[in-house]
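J.: Predicted model follows, preceded by the sequence.
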Number of protein chains: 2
Amino acid sequence: LQPSNQICFLNGQYLPITRAAVPVTDLTVQRGYGIFDFFRVVGQRPLYLNDHLDRFFRSAREMRLDQGLDREAIKEILFHLIHENQLPHSGVRILLTGGSSPDGFQIVQPSLAVVQIPIAAPPDNMLARGYRLVTYSHQRQLPHSKTIDYLMSIWLQPLIREQGADDVLYHQDGRVLELPRSNFFIITQEGVLQTPADQVLHGVTRKQILAVAIDMGLRVEETTLTLTDISNAREAFISSSTKRIIPVVKVDDMVLGPCTKDSIAAKLFTGLQEREERELKEDTSIF
Amino acid sequence: LQPSNQICFLNGQYLPITRAAVPVTDLTVQRGYGIFDFFRVVGQRPLYLNDHLDRFFRSAREMRLDQGLDREAIKEILFHLIHENQLPHSGVRILLTGGSSPDGFQIVQPSLAVVQIPIAAPPDNMLARGYRLVTYSHQRQLPHSKTIDYLMSIWLQPLIREQGADDVLYHQDGRVLELPRSNFFIITQEGVLQTPADQVLHGVTRKQILAVAIDMGLRVEETTLTLTDISNAREAFISSSTKRIIPVVKVDDMVLGPCTKDSIAAKLFTGLQEREERELKEDTSIF
């Protein structure tokens, strides 16, 4: 997030991002306690907004953060920001912090911040050069919630660079999980799409990819994946809201086949893109 | 941490705590990335300051947070704050946040905040009523560093209350570890003082207790502890900077003997208190 001239929302006020600040006494600063969600906005249209708001409220509930605003109130804030900032392509982050606490543990009144920043549109073609991943044994705390706990992923950045990798794939007790900000998928030799079922964040793009795959007639399995499953796979790829799909060509020392125009990942990318365009045309839920 | 009239330090400025705020773009707000240390100040004297500063710089190094101030510069800030605030009994928190980041991952310029708040002096006698603990399978990320990651301990508060417990004892893969803000000890039937050696924060009070025990002629073992070791123990207790020693009378369903005046925990408490008084008299390192 880069400080910029955009207007953001913080606890009832609209103000420039550069002036938005959280008290040092907030539980997010003192104790790393908070949740967020993040989605792309194309022109005036947030992409898959309802899915993101569903997850935002789920994360807030699991972390017992009730800031007192319902879905409609948050949509109004989004409406206002998007109109004010007039960005052609942007990302919106809705952040709920623990708020100031009398004893440093008790949650009293969470703080809500909504920040919109310009981001590049994802490329229209799937990246020719796939990602190289390094694996690391770690499972996110409360993995179904989108908490602000990214300690491990920031801490691992030098390891990722030293290994010449693009990102890290978490696994624990033999089970492959997720990347810090992306879900992970393989295509088996039999052409089945597999992705970890549990103990991962259920990404909005992950959900759309599973739907696209089913539309395409692919067999889909939310299941348990091992590192051996990856080495036996025909293809592997990752998904995220800002990147759509990126093929994976290497996981540690395991080399995966190059991604071609005929690969299933490439077809899913096209299907995902079409679905996105349809969604942006059809979704008139708030704007 | 309660907002109050005390003066704090934030990135080169002295200002009232109620006005000290961290940009929403800071990695501590966005990603839960930061470290801190906390120590008691009795009048004008910080207790075991050098131990706390040693650990502060160790945590900062492990988390790659270099704010550009050395030990002497931080001591000068402490000197200034303690003189300004004139509190009879207080706690000081030195906090190092990730700072604002261009991409939400890269550490550029950490922020330093030093906050002093009034706290109650710990009781002069060991609490008559011991703590009841509930256990939970969890290990802190980077357990040797004092990071701001307290997500799990805040999240567990309702469980602790529901179980009628005072705090939670973490264990993982059969090994007993620590409490969110305290170290854990047992006295075996043979009178040996045992505490987990590894994958825990090495508390400053823990270090003092081990030294007091050795002075008393107790056998001391930093080792691996299991839940079975607890059920077989003669005594158990916890330690922290603000509480010194609190006996443990129950861990889940395991009942531990009541703490008496003759218990080893009570003797360690007295030894610790004497050591503290000596330290406060002798330590003229900065004031």
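T.: Thanks, I have the structure now.
J.: Next, count neighbours for A:Met126.
T.: 24 (other Cβ atoms under 10 Å in any protein chain shown). Yep, even glycine has a C-beta here, placed from its N, CA and C like the rest.
J.: A strand includes it, no?
T.: No: secondary structure of A:Met126 (DSSP: H, G, I helix; E, B strand; the rest coil): coil, not part of a strand.
J.: Can you give me the pLDDT of the nearest residue to it once chain neighbours are set aside?
T.: Nearest non-adjacent residue to A:Met126, counting by Cβ to Cβ, 6 or more residues apart in numbering or on different chains: A:Phe269, 4.4 Å away. Looking at A:Phe269, its pLDDT stands at 96.
J.: what's A:Phe269 sitting at in phi/psi?
T.: phi -60, psi -50 (degrees, to the nearest 10).
J.: That one: how many residues sit nearby?
T.: Other residues close to A:Phe269 by other Cβ under 10 Å number 26.
J.: so it touches A:Ile245, yeah?
T.: Yes: counting by Cβ atoms under 8 Å, A:Phe269 sits close enough to A:Ile245 to count as a contact (4.6 Å).
J.: what sits in contact with each of these two?
T.: Residues touching both A:Phe269 and A:Ile245 (Cβ atoms under 8 Å, 6 or more residues apart in numbering or on different chains) are A:Met126.
J.: Which elements pack onto the helix or strand that contains A:Arg40?
T.: Counting by DSSP states H and E, the element that carries A:Arg40 is strand A:34-42. Judged by 3 or more Cβ pairs under 8 Å, 6 or more residues apart in numbering or on different chains; DSSP states H and E, the packing partners of strand A:34-42 are helix A:49-62, strand A:89-97.
J.: In the first one, which residues are buried?
T.: So that's helix A:49-62. Judged by neighbour count using 16 or more other Cβ atoms under 10 Å in any protein chain shown, the buried positions of helix A:49-62 are A:Leu49, A:Asp51, A:His52, A:Leu53, A:Arg55, A:Phe56, A:Phe57, A:Arg58, A:Ser59, A:Ala60.
J.: Equivalent analysis for stretch A:218-236, please.
T.: Using 16+ other Cβ under 10 Å as the test for burial, stretch A:218-236 gives A:Leu218, A:Val220, A:Leu225, A:Leu227, A:Ile230, A:Ala233, A:Arg234, A:Glu235, A:Ala236.
J.: From these, which land in strands?
T.: Under the assignment DSSP state E, these contribute A:Val220, A:Glu235, A:Ala236 to strands.
J.: quick one: contacts for the residue nearest to A:Met126?
T.: For A:Phe269, the contacting residues are A:Asn125, A:Met126, A:Arg244, A:Ile245, by Cβ under 8 Å, 6+ apart.
J.: again with A:Val192
T.: A:Val192 touches A:Leu218, A:Arg219, A:Val220, A:Glu221, counting by Cβ under 8 Å, 6+ apart.
J.: Present the ones in strands among the buried residues of stretch A:218-236 as a markdown table; the columns should include distance to B:Phe9 and pLDDT.
T.: Below are these laid out as a markdown table (distance: Cβ to Cβ, whole Å; pLDDT from 0 to 100):
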| residue | distance to B:Phe9 | pLDDT |
| --- | --- | --- |
| A:Val220 | 55 | 98 |
| A:Glu235 | 54 | 96 |
| A:Ala236 | 49 | 97 |
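J.: ok, these vs chain B, which is closest?
T.: A:Ala236 (22.7 Å; Cβ to the nearest Cβ).
J.: what pairs with that closest one across the strands?
T.: Counting by DSSP bridges, A:Ala236 forms beta bridges with A:Ile186.
J.: distance of it from A:Ile186?
T.: Distance of A:Ala236 to A:Ile186, given as Cβ to Cβ, to the nearest Å: 5 Å.
J.: sorry, back to before: columns distance to A:Ile77 and pLDDT on top of the buried residues of helix A:49-62, output as TSV?
T.: Putting the buried residues of helix A:49-62 into TSV (distance: Cβ to Cβ, whole Å; pLDDT from 0 to 100) gives the following:
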residue	distance to A:Ile77	pLDDT
A:Leu49	12	96
A:Asp51	18	97
A:His52	14	98
A:Leu53	12	97
A:Arg55	17	98
A:Phe56	12	98
A:Phe57	14	98
A:Arg58	19	97
A:Ser59	17	98
A:Ala60	15	98
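J.: Which one of those is nearest to chain B?
T.: A:Ser59 (11.9 Å).
J.: Let me see the contact set for that closest one.
T.: A:Ile35, A:Phe36, A:Asp37, A:Leu96, A:Ser145, A:Lys146, A:Thr147.
J.: Quick check: pLDDT value at the residue lying closest to A:Gln157 once chain neighbours are set aside.
T.: Nearest non-adjacent residue to A:Gln157, counting by Cβ to Cβ, 6+ apart: B:Phe105, 6.3 Å away. pLDDT recorded at B:Phe105 is 90.
J.: did I read that right, B:Phe105 in a helix?
T.: No: read with three-state DSSP, B:Phe105 is coil and lies in no helix.
J.: where does chain A dip in pLDDT?
T.: Scanning chain A for pLDDT under 70 picks out the ranges A:1-4, A:127-128, A:283-287.
J.: For it, which segments count as helices?
T.: A:27-31, A:49-62, A:71-85, A:151-155, A:157-162, A:204-215, A:227-231, A:264-282 (DSSP state H).
J.: need the residues of the stretch 151-287 of chain A near chain B, please.
T.: With Cβ under 8 Å from any Cβ of the partner chain as the criterion, the stretch 151-287 of chain A comes near chain B at residues A:Leu151, A:Met152, A:Ser153, A:Ile154, A:Trp155, A:Gln157, A:Pro158.
J.: how close does the fifth one get to A:Pro122?
T.: To tie it back to what came earlier, the one meant is A:Trp155. Where A:Pro122 is concerned, A:Trp155 sits at a distance of 27 Å (Cβ to Cβ).
J.: Could you check stretch A:156-164 and say which residues are buried?
T.: Buried residues in stretch A:156-164, counted by 16+ other Cβ under 10 Å: A:Leu156, A:Gln157, A:Ile160, A:Gln163.
J.: same thing with stretch A:177-194?
T.: Per 16+ other Cβ under 10 Å, stretch A:177-194 contains these buried residues: A:177-187, A:192-194.
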